[in-house]
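# Make a model of this:
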Amino acid sequence: MKTKQIYTCQHCGYQSAKWLGKCPDCNAWNSFVEETFDQVPAKTKVRAALYKDAPVLLKDVQPQEALRVKTGIAELDRVLGGGIVRGSVVLIGGDPGIGKSTISLQISNQLTHRGLKVLYISGEESVAQTKLRAQRLAPHGENDLLYIVNQTDLSLISEYIRQLKPELVIIDSIQVLFDPQFTSSPGSVTQVRECAGILTQMAKTTGTTVFIIGHVTKEGTLAGPRVLEHIVDTVLYFEGDRFSTFRLLRAVKNRFGSTNEIGVFEMMSDGLKEVGNPSELFLAQRPHDAAGSVVVATVEGSRPLLVEVQALVSRASFGYARRRSQGFDFNRLALLVAVLEKRIGLGLEAEDIFLNVVGGIQVEDPAVDTGVCLAVASAFLDRPIPGDVLALGEVGLTGEIRSISQPLVRINEAAKLGFKRCILPRSNLRGLEKRKFGIELIAVTTLKEALDCISGKHS
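Residues are numbered from 1 along each chain as shown. As a prediction, the model looks like this:
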């Protein structure tokens with residue numbers, strides 16, 4: 001066995017024989033760390049065993065339905081695509097304190113009550129600390145199928161899994177695990193990549209489901225190499241402000257389901273609670289007769305969400321107009337402001353514009369463009385928009401209102417919450433005028449028509 005020193009980038013995993021100030025692959029500065037690399041000679045017998053399966057025709061392969069296990073948490077099952085797939089590897093990321101360990105313990109409690117054996121590997125907390133948190137989440141729930149151990153050595157963890165043969169293994173977290181075969185420190189690129197690879201191989205060969213908790217960097221991305229996201233089957237991210245009560249669970253990658261679904265939770269003293277009707281919760285504290293407030297409808301997977309968009313327009317103090325947005329793309333906001341200036345004639349060039357999507361949700365649906373424009377115009381003109389109006393439509397550069405997807409589910413959700421009027425593109429009106437929603441549909445072609453409808457210039 002030959003041993004040599006190499007330098008590895010801690011952002012992307014790029015390796016070099018000498019130290020570099022800037023990584024040529026990901027352009028990160030001062031990211032190279034010296035590591036010891038053991039070169040193991042190839043073994044013919046081992047290599048032959050890996051390739052024992054001969055290629056077969058795709059048409060001869062018999063499809064097998066993936067075996068899923070319900071977690072008992074409906075919002076989580078929705079994001080996973082219907083439940084946990086046996087033998088899958090799920091990566092959960094998010095900011096510190098946002099609820100990763102909390103939901104992991106809740107999953108453990110739910111599955112053990114269904115008769116499944118769970119092994120919880122706590123590398124950052126002692127067994128006593130984990131016990132205190134488990135009592136807070138389930139004060140009256142005791143079971144004989146939840147095993148907890150404080151361990152960071154992957155070789156010992158592998159032995160625990162072989163002895164207990166659990167249906168679910170939870171790793172909290174991957175950044176503190178280390179494999180004794182490698183001399184690099186825990187959390188390095190080599191350790192994270194190799195530990196994740198070994199856990200994935202174990203999950204596929206034994207049919208054990210593995211949940212891995214991962215830290216995130218200051219930029220909000222998962223700490224460690226990007227290859228970690230490619231190894232696992234599903235990548236889930238917790239979104240939301242840690243000081244807020246709402247949490248959004250979004251699937252970034254899912255080999256067994258859709259990546260468009262989201263789960264909505266509320267952080268309580270006894271853990272994360274599911275939010276069955278998030279639209280009603282997001283609009284619960286909406287102000288009445290306030291300029292710059294508009295309700296829009298976005299669709300996340302199969303779920304429509306009604307959220308409030310708030311805009312504030314004020315005179316620039318230092319001659320340079322600022323544009324700030326939270327929960328909405330900044331570049332998209334600048335584009336819509338330019339459309340309001342050029343096509344509508346609003347003098348926004350010397351105004352500071354601030355936009356906020358209430359509830360901490362990140363909106364990327366182009367169907368909210370009309371609502372954003374109406375909120376900015378309402379704040380600038382200081383004219384409140386009626387609280388029973390829903391705005392839908394994508395805005396083009398010429399000021400036209402373009403069609404959107406799934407208008408039916410958006411309007412139905414608005415009708416359930418008591419909205420009386422809905423502004424939508426005229427191209428989406430076909431097939432909807434004969435339906436009875438209990439809500440007035442106002443079809444518009446241009447952004448100017450939408451503003452005139454709100455100001456009452458024409459019906």
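# CA atoms for contacts and neighbours, from now on please.
OK.
# avg pLDDT for stretch 210-228?
Averaged across stretch 210-228, pLDDT comes to 69.
# Can you give me the end-to-end span of that stretch?
Terminal residues of stretch 210-228 lie 14 Å apart, using CA to CA, to the nearest Å.
# Off-centre distance for stretch 332-352?
Between the centre of stretch 332-352 and the centre of its chain there are 31 Å (CA atoms, centre = their mean, to the nearest Å).
# contacts for that stretch?
By CA atoms under 8 Å, 6 or more residues apart in numbering, the residues outside stretch 332-352 that reach it are 312-316, 319-323, 325, 369, 372-373, 377, 395, 397-399, 447-448.
# Same question for stretch 54-71.
By CA under 8 Å, 6+ apart, the residues outside stretch 54-71 that reach it are 77, 82, 83, 84, 85, 86, 107, 110, 111.
# so who does the third one touch?
Okay, so that is residue 83. Residue 83 makes contact with 68, 69, 70, 71, 76, 77, according to CA under 8 Å, 6+ apart.
# Swap in 7 Å and give it another go.
Neighbour list for residue 83: 68, 69, 70, 71, 77 [criterion: CA atoms under 7 Å, 6 or more residues apart in numbering].
# just the fourth one next, same as before
Contact partners of residue 84, counting by CA under 7 Å, 6+ apart, are 68, 69, 70.
# can you tell me which of the contacts of stretch 332-352 are in helices?
Secondary structure from DSSP state H places 369, 372, 373, 377, 447, 448 of the contacts of stretch 332-352 in helices.
# want to throw these into TSV with pLDDT?
Output for the ones in helices among the contacts of stretch 332-352, formatted as TSV (pLDDT from 0 to 100):
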residue	pLDDT
369	96
372	96
373	96
377	95
447	94
448	93
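# Phi first, then psi, for residue 236.
phi -110, psi 140 (degrees, to the nearest 10).
# How about it: which residues does it bridge to?
Listed beta-bridge partners, residue 236: residue 92, residue 251 (assigned using DSSP bridges).
# thought it was touching residue 255?
No. Residue 236 lies out of contact with residue 255 (CA atoms under 7 Å); the separation is 11.9 Å.
# and the two? which has more neighbours close in?
Taking neighbours as other CA atoms under 10 Å, residue 236 and residue 255 compare with residue 236 leading, 22 against 13.
# so who does the more buried one touch?
Contact analysis of residue 236 by CA under 7 Å, 6+ apart lists 91, 92, 93, 249, 250, 251, 252.
# what's the answer for residue 362, then?
Going by CA under 7 Å, 6+ apart, residue 362 touches 327, 328.
# now it: how far from residue 298?
Note on residue 362: its distance to residue 298, by CA to CA, is 10 Å.
# Also residue 287?
Residue 287 is 20 Å from residue 298, where distance means CA to CA.
# just residue 282 next, same as before
Residue 282 is 12 Å from residue 298, by CA to CA.
# And these two? Which one has more around it.
Of the pair residue 282 and residue 298, residue 298 is the one with more neighbours under other CA under 10 Å, namely 22 against 19.
# Please enumerate the helices of the stretch 51-200 of the chain.
Secondary structure of the stretch 51-200 of the chain (DSSP state H, counting those that start in this stretch): helices at 74-80, 100-113, 127-137, 154-164, 189-206.
# Give me the mean pLDDT for the longest one.
Just to be clear, that refers to helix 189-206. The pLDDT scores in helix 189-206 average 89.
# angle of that helix against helix 154-164?
Computed by axes from the mean of the first three to the mean of the last three CA atoms, to 10 degrees, the angle separating helix 189-206 from helix 154-164 equals 10 degrees.
# helices and strands around helix 189-206, which ones?
Contacts defined by 3 or more CA pairs under 7 Å, 6 or more residues apart in numbering; DSSP states H and E place helix 189-206 against helix 227-231.
# Pull out the buried residues from the helix it packs on.
Of the residues in helix 227-231, 228, 229, 231 count as buried by neighbour count, 16 or more other CA atoms under 10 Å.
# just to revisit the earlier point, including neighbour count, pLDDT and distance to residue 54, could the contacts of residue 236 go into CSV?
Output for the contacts of residue 236, formatted as CSV (neighbours: other CA atoms under 10 Å; pLDDT from 0 to 100; distance: CA to CA, whole Å):
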residue, neighbour count, pLDDT, distance to residue 54
91, 25, 93, 31
92, 24, 92, 35
93, 25, 87, 37
249, 21, 90, 40
250, 22, 88, 38
251, 25, 90, 34
252, 16, 88, 33
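# Let me know the closest of the residues you listed to residue 143.
Among the contacts of residue 236, residue 92 lies closest to residue 143 (CA to CA), at 24.7 Å.
# Go ahead and confirm that closest one touches residue 237.
Yes. Under the criterion of CA under 7 Å, residue 92 makes contact with residue 237 at 5.8 Å.
# so where is this structure shaky, pLDDT-wise?
Applying pLDDT under 70 to the chain picks out residues 1-3, 37-53, 66, 139-142, 217-227, 242-243, 455-459.
# try 50 this time
42-51, 458-459 (pLDDT under 50).
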